[in-house]
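Asks: my questions concern the predicted model and sequence given below.
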Amino acid sequence: NQPYSAKVGVAAVVVNRVKSKEFPNTISAVINQKISGYYQFTPVENGWINRAASQEAKNAAYEALKGSDPSKGALFYFDDSSKNKWLWSKPVTAWIGNMVFVY
């Protein structure tokens with residue numbers, strides 16, 4: 001339910017993590033990574049990752065793979081209703097719809 005550019009931003013976070021030395025170096029490993037027992041992406045935790053992707057979601061992923069990055073280099077993203085102090089303490093790189101992107 002977020003703007004298309006937020007979806008591209010989420011996909012870009014995955015690509016940014018693959019490029020970062022701090023995270024695994026494949027898309028699959030990044031998406032499925034657990035840190036301190038926590039999945040990094042909610043759809044992996046709740047099983048939604050196994051649902052068919054919409055054409056819009058596929059287009060957003062392809063756009064990020066081709067280099068588009070509305071997250072401006074973010075390594076994390078979260079909904080702006082989050083109470084997670086650690087996430088809010090990180091530098092905000094972009095805010096698109098309800099999605100906050102941080103480095």
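Replies: That came in fine, so what should we check first?

Asks: my read is Asn16 is in a strand, agree?
Replies: No. Going by DSSP: H, G, I helix; E, B strand; the rest coil, the assignment for Asn16 is helix, not a strand.

Asks: so it touches Asp69, yeah?
Replies: Yes. Look at Asn16 against Asp69 with Cβ atoms under 8 Å: they come within range, at 7.1 Å. Just so you know, the C-beta spots here come from the backbone N, C-alpha and C atoms, and that holds for glycine as well.

Asks: who has more neighbours out of those two?
Replies: Legend: neighbour count by other Cβ atoms under 10 Å for Asn16 and Asp69, higher for Asn16 (23 against 19).

Asks: for that one, give me its contacts.
Replies: Asp69, Ser71, Gly73, Ala74, Leu75 (Cβ atoms under 8 Å, 6 or more residues apart in numbering).

Asks: most neighbours of all those, which one?
Replies: For those, the largest number of neighbours (other Cβ under 10 Å) sits with Ser71, at 28 neighbours.

Asks: picking up where we left off before, make TSV from the contacts of Asn16 and add distance to Pro91 to it.
Replies: Converted to TSV, the contacts of Asn16 look like this (distance: Cβ to Cβ, whole Å):
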residue	distance to Pro91
Asp69	15
Ser71	12
Gly73	10
Ala74	9
Leu75	10
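
Asks: nearest to Lys7 among those?
Replies: Comparing the contacts of Asn16 against Lys7 with Cβ to Cβ places Ser71 closest, at 10.8 Å.

Asks: that closest one contacts Gly9, correct?
Replies: Yes. The pair formed by Ser71 and Gly9 meets the contact definition of Cβ under 8 Å, at 4.0 Å.

Asks: where do the contact lists of these two overlap?
Replies: Jointly contacting Ser71 and Gly9 under the rule Cβ under 8 Å, 6+ apart are Tyr77, Ala94, Phe101.

Asks: wait, the first one touches Ser71, no?
Replies: Yes. Tyr77 is within contact range of Ser71, at 6.7 Å (criterion: Cβ under 8 Å).

Asks: hey, what's in contact with both of these two?
Replies: Residues touching both Tyr77 and Ser71 by Cβ under 8 Å, 6+ apart: Gly9, Val10, Val13, Phe101.
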